[in-house]
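[1] got a predicted structure here, sequence first:
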Amino acid sequence: MKRALEKKQPTNFKERKKQKLADARTIAIQSPITTSNAVAGPSRLGSTVNDKLKRLPGAIDVEKFAEVSSVCLSRLSPNRCRQGSSASTTRAWQVLPRHLRRRAASHNPRRVPLRLRDKARSEMDPMRRKVLGRAMPKLGKERRLPKEVIFMNRQHDKRWLETHIWHAKRMKMENMWGYRLAVTPTEKAFRPSHRASIHGSILHDSSYLSLIEMKGPEATLKAILEMCCDAQDVSPGAQRYTSGARVCKTHIYAPNRYPLGLICPITVMWKSRPSIMSKPLEDASKYKKGKGKNKQKEVPPEASDNMRILWIYFHPSVYDEVFSALRTVTSQTLEAAGSQGVIVDVELIDIRGEVGIFEIMGPKSNQVLQGSLSPVMAQASDDFKKFWASLGNIQSCGSVPRGMIIGFLVNDPRLRFPPKNAKVQLPVGNSVSSSIGVFPSAALAACNVWEQNIRMQLKNPRYQTKDINARRAQNPIPGTLLSPLRQDDRIPAMLIQTSYQHSASNDTESIEGWTFIFPAGWSMAFFQQLTYTGTRVAGQRERQTQAFEAGTAYFPSDYPSTSAYKIHISARAEKEKAKWARTPAAKRVNYRKLGTRSPWIPDWEVVLGLKEMPDQPLDDDEEENADDVEDLDMQDLITTQREPEESLEQQREDFLVNHDPVVGPWLLRGLEVSSIVSDLSEDLVPSQSLLATLNRLRAKRSLEPLESTIKPDELLNSALVSVRSPSDLSLVYSIPDSELQEWRKGLTRAGVDPIPAEVEFVNLPDIVPAPSSIIGYITTGGFSLSRGEGFAIGAMSLTRLIELQQQAKRLSHYVKSDKALFVKVRDRKGHQCRLARIHVVQN
């Protein structure tokens, strides 16, 4: 009975854990073998000998003793010794590297490495069968809905990308712009993602971008783009872009509203013009109408009408505005052509969801692409063969011409799984090549991804993944790559050189990479191929960080005059206001005592002087007693006259709608902003000079001068300029001349002696300026990892920027150069001000 109780298994968790710990600390040994010469003789100790010592042999056989002890010695391995101490504190999933861990531990021991499978198998709980008698039995296999139908039912209010399930398992998802997009990885990935963009490679699925296709005569398409694109940039109808060898990055405005009515940045890409002489004879013969001298030959449509195709892709939040602007400009252009007796047709086609777009950034993206993709070299041109052979040897994508387009045909990526990164082959002299030796050309950019019928044919792959795996299982040598067959899919794709770089900056570190475009339906095939090489995956936060580290403005957070920015900042303010209201009064920030005038939404109209300065925010006690639906920031914008109170929704609508019928806050941006601001600071009447400069830029696009109702003073006072500052704070103040001199004196002495002698310099950060000296706000700020200091991008009033330049010239004898513009910045949650140097953003 006693033995039966000893062999009984423990029932509760505490006993099972105790038994498991005892088993881990027990070393199994081999039972001793009794031999004839191992019998003890009579002892001289008599009855005083312990009973346990009676079983000890009188003599030891060395060979047999070593054989028995070998089992014990083999058990005394370092891993076995550590197992006893760590068995009760760690599990198999907890000792894995961070990139191999999962959010919920799997019950499959094969999901862990081979060395830990035994430990994982021993830690698994015994399988428990579910109790029958469910309230709702499961549907049978015949009545069960397919996964595709279930997934489509979950997309009634948003759309999923093809890589959604992969991202949903590993990243935090949010509803954005009609899509369910990944915001940031669940693991700690801020610094690793930055290192990947600077030294490695990082991938982002940007298939959510909106895409519009335009078809029509080349001259008509040029006229349409010139009427609504930025006048400071190179025209999208320039020869360098119309050939189809490069992409054009510019900004789109409301029709005939430049520089007002900024919508968003866009990328224009022309389809390369096919050469009629290079077509086969059998294709050219079908255009012959007859024989004889009197019979005319019918030329192809491309040659007669000069029909062209272009793509425009941009941010999805402003699709309706961009499409409406293009439709309006197209109608005006067609009416003008019809008045001259010319009848043309232009098509606007929405092709969202027909192509997949990946952005792979970093210096190692060249080796990743060359190792992951397998182009069809039999149909490739000599230029592409030369480009592909040198792709893996270039040091950075910055060596490739800016915006270069490469079109090619690639085999099914699943045939080459698993991929291996290409290795850099150093030439003689151990120097990495800095160029590819191929220049942009229309022949190199030719690709069939432009054809809609080809995209529709390739939307569903011919072979499923299980068919590819079945072919791989039939290989005589396991692990060998599959050879493409004649019936395998061949996918047309394009590579576009992409850069995040500030045009007039010397201290920023540019981030280069590639934009990979391919037909829809192949996102997961290419995604798995690219991520298997060790490439990190980026979300929306990582993509914005790349632009921030490069010192470029990011849409929509750094475009304060656009409607997309107003929607973005209103949604963020609502979240921050709700979080602030949930915080106890003793723990949250008191913005009234700190003197923060507008803590939730920047009051650009007050900064520009278009509205009167509001009263101070309420105290904490007054805020608690106020109505819950009142918004603190919207209260600040109410005038002092007695009017009926409005709800939060009505106030938000008033903020989103611009009530100024003539001129509202607008953003002056472009490649010539620095020169324009410099000229305005030297002009006696800067408002007239600004109006003349803008009319000159409009004349470059064949636009009429601005309306006479727009006054020069209103145009100057309502202008904003994007600036860059080495600070992570949010409020920008102007500095009086006397205080600025003290700052510069202290900085000059601090260069010699780290501790200034005067006490006034130490107290300068504690001087809080008046709210009327606010000249701008920071839109994106934080600690820059590439610079090692705080960095920010914001906007400020153009008139105040001109005053800063004039102030710098007056006090230029304290510094070596008169181009240094100094301001004070302060966090909305703090009270100390810090000196910052600003630069104009021109990109």
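    Yep, that arrived.

[2] contacting residues for the residue nearest the centre of the chain?
    When C-alpha atoms, centre = their mean is applied to the chain, the residue found nearest the centroid is Arg543 (2.0 Å). Neighbour list for Arg543: His204, Ser206, Glu359 [criterion: C-beta atoms under 8 Å, 6 or more residues apart in numbering]. Placement of C-beta: from N, CA and C, glycine included.

[3] using CSV, lay out those together with neighbour count.
    Formatted as CSV, the contacts of Arg543 follow (neighbours: other C-beta atoms under 10 Å):
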residue, neighbour count
His204, 21
Ser206, 19
Glu359, 20
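
[4] from those residues, which ones fall inside helices?
    Here DSSP state H is the test, and these give no hits in helices at all.

[5] closest one to Ala473 out of those residues, please.
    Among the contacts of Arg543, His204 lies closest to Ala473 (C-beta to C-beta), at 33.7 Å.

[6] and the closest one, what does it touch?
    Contacts for His204 (C-beta under 8 Å, 6+ apart) come out as Phe358, Glu359, Ile360, Met361, Val537, Ala538, Gly539, Glu542, Arg543.

[7] hmm, the first one is touching Phe527, no?
    So that's Phe358. Yes - if you go by C-beta atoms under 8 Å, Phe358 and Phe527 touch, sitting 7.4 Å apart.

[8] overlap of the contact sets of those two?
    Leu203, Asp205.

[9] in stretch 175-188, what counts as buried?
    Using 16 or more other C-beta atoms under 10 Å as the test for burial, stretch 175-188 gives Met176, Trp177, Tyr179, Arg180, Leu181, Ala182, Thr184, Pro185.

[10] and stretch 315-331, by the same measure?
    Of the residues in stretch 315-331, those buried (16+ other C-beta under 10 Å) are His315, Pro316, Ser317, Val318, Tyr319, Glu321, Val322, Ala325, Leu326, Val329, Thr330.

[11] from these, which is closest to Pro109?
    Pro109 lies nearest to Pro316 out of these, by C-beta to C-beta, at 43.1 Å.

[12] which non-adjacent residue is nearest that closest one?
    Leaving out its chain neighbours, the residue that sits closest to Pro316 by C-beta to C-beta, 6 or more residues apart in numbering is Trp177, at 4.3 Å.

[13] so who does the one you found touch?
    Contacts here follow C-beta under 8 Å, 6+ apart; on that basis Trp177 touches Tyr208, His315, Pro316, Ser317.

[14] now those in TSV, with pLDDT and distance to Pro665?
    Formatted as TSV, the contacts of Trp177 follow (pLDDT from 0 to 100; distance: C-beta to C-beta, whole Å):
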residue	pLDDT	distance to Pro665
Tyr208	96	28
His315	95	20
Pro316	96	24
Ser317	95	19
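
[15] now those residues in JSON lines, with distance to Thr779 and secondary structure?
    Formatted as JSON lines, the contacts of Trp177 follow (distance: C-beta to C-beta, whole Å; DSSP: H, G, I helix; E, B strand; the rest coil):
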{"residue": "Tyr208", "distance to Thr779": "22", "secondary structure": "coil"}
{"residue": "His315", "distance to Thr779": "16", "secondary structure": "coil"}
{"residue": "Pro316", "distance to Thr779": "20", "secondary structure": "helix"}
{"residue": "Ser317", "distance to Thr779": "16", "secondary structure": "helix"}
